[in-house]
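Student: This is a predicted model, with the sequence first.
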Amino acid sequence: MTEPKRPNIVLIMADDMGFSDIGAYGAEIRTPNLDAMADQGFSFSQMYNNAKCCPSRASLLTGLYPHQAGIGYMTDDLGTPSYRGYLNQTSVTVAEVLKDSGYNTYMSGKWHVGGDYGLRNPDAWTAGDESHPTPTQRGFDKFFGTLTGSGNYYDPATLMRGDTFIEVETDDFHYTDAISDEAVRMVDEGSGSDNPFFLYIAYTAPHWPLHALEEDITKYQGRYMGGWDEVRTARHEELNSRGILDEIWPISPRDEDAHSWQDEREKEWEDLRMAVYAAQIEQMDRGIGRVLDALTSNAVEDDTIVMFLSDNGACEVFLAEDTNEPTPSLFHGTTSSGDRISVGNITGMRPGGPETFMSYDLPWANASNAPFRFYKNWIHEGGISTPFIVKWPSNIKSAKNVHQPLHITDISATCIAAAGATYPSQRPDNDITPLEGESFLDLLNGHNWQREAPMFWEHEGNRGMREGDWKLVSEFPRWAPEDAPGRWELYNIRADRTELNDLSASEPERLKRMSRNYDNWAERCGVQPWPIHKRHMRTRMKGRNWHINPLQSGSGK
């Protein structure tokens, strides 16, 4: 009997993109290729990520909670097993599993699960040692991309091909296009083999800095003169009309740290910042279209699963002008042509080009996450909700909105199941942590499926779990850490997805039971109280992130 043909798998991740930032999920931003995927596939309304770059990538690749894989925080090594900052040996990546099952494996883009790199001192980089594993050491046959997180799109640090650091060689280089170019080449190569292929495309767009092509920026300049409230309202209405969200869920109030558009004094500059952000997303979508075209031209489209999601909610960080002097910012420097890079959200300066380094700031991020509250880092819906689109022409014959809750760990489990591969239990020298993710392959094959296990989260003291329709969530009291941990809030997500009606006082027994379940999970996964005790910490916010002033003022929601 002939074995069924195993599908190719293309997994695409955006960086710091909000829930409503693409057309299929309510946005005014032009994303025709992602919209076409949604028109031919499943659009999931309740896919959850892990609220931050590294933890989400760790779970995406391993099917484990990030603490189990060694990346409970970021790539800083905090000196305790769940917070070492790199993928540990008790985890196994989906690329390793599929490679052992006969797949050719490729990656183009941002790695960010392989330890910290002191970006000020390239001579000290130690890619490939135990605490700095590279993609080719964790299952990928070929790799092009960066090892670290955010950075300059025109001249990215830690750029590699294979295991060799390389320099930008062309004047027209833009990292988003380079990721797409390489992904297309990988599709061409993989399609020519007798073996199926797995391709992981990890864009850095639309993560700050605001770096986009001028021809894309001009398409949007002036589009946002109506302000962030207008954008939030329009997106919420479009999400409702598309059936992504339930109309019973009202939009959350504008963040208390986002002032009224009527009070904004620099409307043209704010319009321009959002225009650049939108241009970054359109540029990414255009690259995704080229990847999809490559699948078609190589006659492998029908037998390829394509998945798209974001690593966390939109990012509200404010880049302070010239950062914390007298110590220069990590991102200060010069362009390839020798011009000084001006770091920070400098009012009136035009963003987009290589001589600037800006973010789009809290009010626009509030719009990107419409209709939810909070942002990247938080476990409220605005931090962990992502668009998730799956296209698989041979199996998915018509478009559908899917409302079953999913967790990012489920993606790895589903890829392994679709490939007919076997998740291992041991390495030569140690046991491997069993998968936490649950395969939703039955759902993609048209059958009924529901996730059985609760979902859990922790990042920088922000905590949460979801069990059925109920969600327990807590914000870390960052402005008064002596009050940690933060108090629990309780929401019925079926009735209140925008988390406006806290039921913790009226459901004390449910709260007690769920918080006990959370505590058991945290102990099992090695979650440490935040801030982690100094004896466990090798570094304490003195790496890549120390220079970022997360907010101009206010509560940090």
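Tutor: Great, that's in hand.

Student: Now do the same for the closest residue in space to residue 206 that isn't next to it in sequence: helix, strand or coil?
Tutor: Nearest in space to residue 206, with sequence neighbours left out and distances taken as Cβ to Cβ, 6 or more residues apart in numbering, is residue 280 at 3.9 Å. All C-beta atoms are positioned from the backbone trio N, CA, C, and that covers glycine. Per DSSP: H, G, I helix; E, B strand; the rest coil, the secondary structure class of residue 280 is helix.

Student: From the structure, what's the count of residues near residue 280?
Tutor: Per other Cβ atoms under 10 Å, the neighbour tally for residue 280 reads 34.

Student: Check what pLDDT the spatially most central residue of the chain gets.
Tutor: The chain has residue 311 as the residue nearest its centroid, 1.1 Å off, counting by Cα atoms, centre = their mean. The confidence metric pLDDT takes the value 99 at residue 311.

Student: Kindly provide the distance from the closest residue to it other than its chain neighbours to residue 236.
Tutor: Distances taken as Cβ to Cβ, 6+ apart place residue 56 nearest to residue 311, at 4.0 Å, with adjacent residues excluded. Computed with Cβ to Cβ, to the nearest Å, the distance linking residue 56 and residue 236 is 25 Å.

Student: the more surrounded of the two?
Tutor: residue 56 (28 against 23).

Student: and the more buried one, that one's in a strand?
Tutor: No: remark: residue 56 does not belong to a strand; assigned using three-state DSSP, it is helix.

Student: Stretch 209-229 - what's its average pLDDT?
Tutor: With pLDDT averaged residue by residue, stretch 209-229 scores 98.

Student: And stretch 81-89, by the same measure?
Tutor: Confidence for stretch 81-89, expressed as mean pLDDT, is 97.

Student: same for the helix or strand bottoming out on mean pLDDT in the chain, what does it pack against?
Tutor: Counting by mean pLDDT, DSSP states H and E, the chain has its least confident helix or strand at strand 342-343, which shows a mean of 88. Judged by 3 or more Cβ pairs under 8 Å, 6 or more residues apart in numbering; DSSP states H and E, strand 342-343 is in contact with strand 356-357.

Student: Centre of the chain to the strand it packs on, how far?
Tutor: Here the centre of strand 356-357 is set off from its chain's centre by 22 Å, with Cα atoms, centre = their mean, to the nearest Å.

Student: Please enumerate the strands of the stretch 451-557 of the chain.
Tutor: For the stretch 451-557 of the chain, the strands defined by DSSP state E, counting those that start in this stretch cover 455-459, 462-467, 470-474, 489-492.

Student: brain fart, the stretch 301-450 of the chain
Tutor: Per DSSP E, counting those that start in this stretch, the stretch 301-450 of the chain carries strands over the ranges 304-310, 342-343, 356-357, 385-391, 400-402, 406-407.

Student: Relative to residue 230, which of those strands is closest?
Tutor: Distances from residue 230 to each of the strands of the stretch 301-450 of the chain were compared using Cβ to Cβ; the minimum, 21.2 Å, belongs to strand 385-391.

Student: Quick one: work out the angle between the closest one and strand 304-310.
Tutor: Direction vectors for strand 385-391 and strand 304-310, defined by axes from the mean of the first three to the mean of the last three Cα atoms, to 10 degrees, enclose an angle of 170 degrees.

Student: Identify the residues contacting strand 385-391?
Tutor: Contacts of strand 385-391 from elsewhere in the structure, counted by Cβ atoms under 8 Å, 6 or more residues apart in numbering, are 17, 19, 21-22, 24-25, 34, 37-38, 40-44, 46-49, 305-313, 369, 372, 396, 406, 444.

Student: do the same with stretch 471-491
Tutor: Taking contacts as Cβ under 8 Å, 6+ apart, the residues outside stretch 471-491 that touch it are 374, 378-380, 460-466, 470, 492-493, 499, 501-504, 507, 510-511, 514-515, 518, 529-531, 555-557.

Student: Filter these down to the buried ones, ChimeraX style.
Tutor: In ChimeraX, this line selects whichever of the contacts of stretch 471-491 come out buried by 16 or more other Cβ atoms under 10 Å:
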select :374,378,379,380,460,461,462,463,464,465,466,470,492,493,499,503,504,507,510,511,514,515,518,530,531,556,557
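
Student: Roughly how far does the nearest residue to residue 225 once chain neighbours are set aside sit from residue 261?
Tutor: What sits nearest to residue 225 in space, not counting adjacent residues and going by Cβ to Cβ, 6+ apart, is residue 271, at 5.0 Å. Residue 271 sits 10 Å away from residue 261, going by Cβ to Cβ.

Student: Also residue 23?
Tutor: In this structure, residue 23 and residue 261 are separated by 23 Å, where distance is defined by Cβ to Cβ.

Student: out of those two, which sits in the busier spot?
Tutor: More crowded of residue 23 and residue 261, by other Cβ under 10 Å: residue 23, with 22 against 18.

Student: which residues does that one contact?
Tutor: Residue 23 is in contact with 29-32, 34-35, counting by Cβ under 8 Å, 6+ apart.

Student: same thing but at 7 Å, please
Tutor: Under the criterion of Cβ atoms under 7 Å, 6 or more residues apart in numbering, the contact partners of residue 23 comprise 29-31, 35.

Student: Next, it: phi, psi?
Tutor: Backbone torsions for residue 23, taken as degrees, to the nearest 10, come to phi -60, psi -40.

Student: okay, now the closest residue to residue 439 other than its chain neighbours: neighbour count?
Tutor: Ranked by Cβ to Cβ, 6+ apart and with sequence neighbours excluded, the top spatial neighbour of residue 439 is residue 417, at 3.9 Å. Under the neighbour criterion other Cβ under 10 Å, residue 417 is assigned a count of 17.

Student: same deal with residue 434?
Tutor: When neighbours are defined as other Cβ under 10 Å, residue 434 has 10 of them.

Student: try residue 446
Tutor: By the measure other Cβ under 10 Å, the count of residues near residue 446 is 11.

Student: what does residue 486 give?
Tutor: When neighbours are counted by other Cβ under 10 Å, residue 486 registers 18.

Student: Over to residue 130?
Tutor: As a burial measure, the neighbour count of residue 130 was computed by other Cβ under 10 Å and equals 12.

Student: need the contact list for it.
Tutor: When contacts are counted by Cβ under 7 Å, 6+ apart, residue 130 touches no other residue.

Student: What are the boundaries of the helices in the chain?
Tutor: 32-40, 53-62, 66-69, 94-100, 175-191, 214-220, 228-242, 267-297, 362-368, 381-384, 409-418, 441-444, 508-525 (DSSP state H).

Student: same for the third one, what does it pack against?
Tutor: Okay, so that is helix 66-69. Packing partners of helix 66-69 (3 or more Cβ pairs under 7 Å, 6 or more residues apart in numbering; DSSP states H and E): helix 53-62.

Student: Centre of the chain to the helix it packs on, how far?
Tutor: Put simply, helix 53-62 sits 8 Å off its chain's centre (Cα atoms, centre = their mean).

Student: Restricting to C-alpha, output it in PDB.
Tutor: Extracted in PDB, the C-alpha atoms of helix 53-62 (Å, rounded to 0.1, in the frame of the first residue of the first chain):
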ATOM      1  CA  CYS A  53       9.900  37.400  21.000                       C
ATOM      2  CA  CYS A  54      12.100  34.800  22.500                       C
ATOM      3  CA  PRO A  55       9.500  32.900  24.600                       C
ATOM      4  CA  SER A  56       7.200  32.600  21.600                       C
ATOM      5  CA  ARG A  57       9.900  31.400  19.300                       C
ATOM      6  CA  ALA A  58      11.000  28.800  21.800                       C
ATOM      7  CA  SER A  59       7.500  27.400  22.100                       C
ATOM      8  CA  LEU A  60       6.900  27.600  18.300                       C
ATOM      9  CA  LEU A  61      10.100  25.600  17.600                       C
ATOM     10  CA  THR A  62       9.900  23.100  20.500                       C
END
